[in-house]
Each structure stands twice: as structure tokens, then as C-alpha cells.
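Undergrad: Following is a predicted model, sequence given first.
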Amino acid sequence: MLEIKNLHVSVDGKEILKGLNLSLEPGVNALMGPNGSGKSTLANTLLGHPNYEVTAGQILFKEEDITKLSPDERAKKGLFLSFQYPHEISGVTISNFLRSAYNAVTGKKVSILDFHDILEKNMSVLKMDKAFAKRYLNEGFSGGEKKRSEILQLLVLNPSLAILDETDSGLDIDALRAVSEGVNAFMKKDKCILIITHYKRILELIHPDRLFILIEGKIALSGTGELVDHLEEKGYGWIEKD
């Protein structure tokens, strides 16, 4: 699904990713690592954020080089990023925002009534009140509401590869469970997810097939989901970077 080769990325002249290599197959993949290791830099780079400069390496999505594509071109090809800190957009309802995004990504012109059915079906998965769709995007939302909104976008846009950047941060137990149920509902055998997290608890609800450890801009270790138990017990100090 995704192959990253010798990726070097700088932000404001400082190198953050230092020759990162990573291959993702369909299924649930988790990425963990200490603060400052480059996890969010990787997420933003994969979606083409202009502040993140790729100085070397390649990003291949379904065997196509997307390293130089713009964010909207990557979205149309099936990539999605759930933000760690979603922005507020005053005056734009969730319904209008998502319908515009859906039409842009799919290339279709779905009517308001037809999209309303799509939206309600996916809101029911997340146990969201119908009135939520009429609220302005993230304006006055609690942390849990923002993260539910991000997963609603995931379900509606239905990408091939979803990158969830610390979607679990700041969630209470009920919100975490609702978000996890949404992610599990999204997963099909041809889908790929990369969950970026600091904590084990979301991985107890969304079981990873593979776990990658990022330290100082490189993948230092990979293994099955059971690797997270070692991290809980020992921290990152026992892992030696190549």
C-alpha cells in the first residue's frame, strides 16, 4: 500500500526524518516513539504539508511516486489524515464541509439529499446526534467532539490509507470507545491504517497487525502488536537505533 524509501525531511532548516524506511501493508499499523522523534512530521509529510521539506527519498503509494504531489492530489488518490489538533472553521457547517470534500475527492456531484443519507448512516456508527451536522466545523467542540468529527470525515471520505495522528489524545473512555468503533467499522481487507499514538489503550480497542517504533527520525524497531507490552514495561530506553 505504502512504501517510504530513505526519507529525509527538514522543518525550518532542521532535519527531523533522517533516512526513514517504512512499508505498510493493508491492515492496522501502529507507530509509536518518544516526543520529538518525528511522528507528526511523518504524518504531515505523507499528506504533502508545504512546511515539511523532503530533501531526499521517495514516498510510493500503490507503487506510484507521490513525493511531489500536492495535498489535494494525494487526497484524491486515497490518502487521509486525521489531525492531532483540528482547526475551527466558523460559518461552515460539518454537513457542507463534508459534502464539498466528498465531491472533490470522489469527482462526483452528490445532491444534498443523497449526501444527507450518506452522512446520517456514518453518524449513526459514531452514535452522533443528527443536530451535530449543522454545527460549524469544530467551533466550540470539546476534545472528544473534535475527534469524533475527524473519524466521521474518515468514514464519509472512505480513503484507502488513513493516518490517525494521536486521535486518542484527550479522550475519555466513552469517546475513545466511540472513536475506536468508528475506526473498526472503516477497516476492510483492502484498507490500511497508520495509528500514531503514545498510549496502549487505543491499541487494546483497535488491534494492530504491526507496530513500528520511531526514534530520532528513523524506524528503530518493528514487530507485531504485542511489542506494545514491552514498551509499557520498559519504555524506549532498551531500544537501540540502527
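TA: Yep, it's here.
Undergrad: which regions of this structure sit below the pLDDT cut-off?
TA: 240-242 (pLDDT under 70).
Undergrad: Could I get the full set of helices for this structure?
TA: 39-46, 71-77, 94-106, 112-125, 143-157, 173-186, 227-234 (DSSP state H).
Undergrad: Deepest-packed of those, please.
TA: helix 39-46 (a mean of 23; mean count of other CB atoms under 10 Å). For every residue, glycine as well, the C-beta is placed using N, CA and C.
Undergrad: Would you agree S95 is in contact with A133?
TA: Yes. With contact defined as CB atoms under 8 Å, S95 reaches A133; the gap is 4.3 Å.
Undergrad: Now do the shared contacts for these two.
TA: Shared contacts of S95 and A133, defined by CB atoms under 8 Å, 6 or more residues apart in numbering, comprise L119.
Undergrad: hang on, the earlier thing: including distance to L211, could the helices of the chain go into JSON lines?
TA: Shown next, in JSON lines, are these (distance: least, CB to CB, whole Å):
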{"stretch": "helix 39-46", "distance to L211": "13"}
{"stretch": "helix 71-77", "distance to L211": "25"}
{"stretch": "helix 94-106", "distance to L211": "29"}
{"stretch": "helix 112-125", "distance to L211": "26"}
{"stretch": "helix 143-157", "distance to L211": "21"}
{"stretch": "helix 173-186", "distance to L211": "16"}
{"stretch": "helix 227-234", "distance to L211": "5"}
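Undergrad: which stretch among those helices comes nearest I206?
TA: helix 173-186 (5.2 Å; CB to CB).
Undergrad: helices or strands up against the closest one?
TA: helix 112-125, helix 143-157, strand 161-165, strand 192-196 (3 or more CB pairs under 8 Å, 6 or more residues apart in numbering; DSSP states H and E).
Undergrad: So which of those is nearest L46?
TA: Judging the helices and strands packed on helix 173-186 by CB to CB, what sits closest to L46 is strand 161-165, at 6.0 Å.
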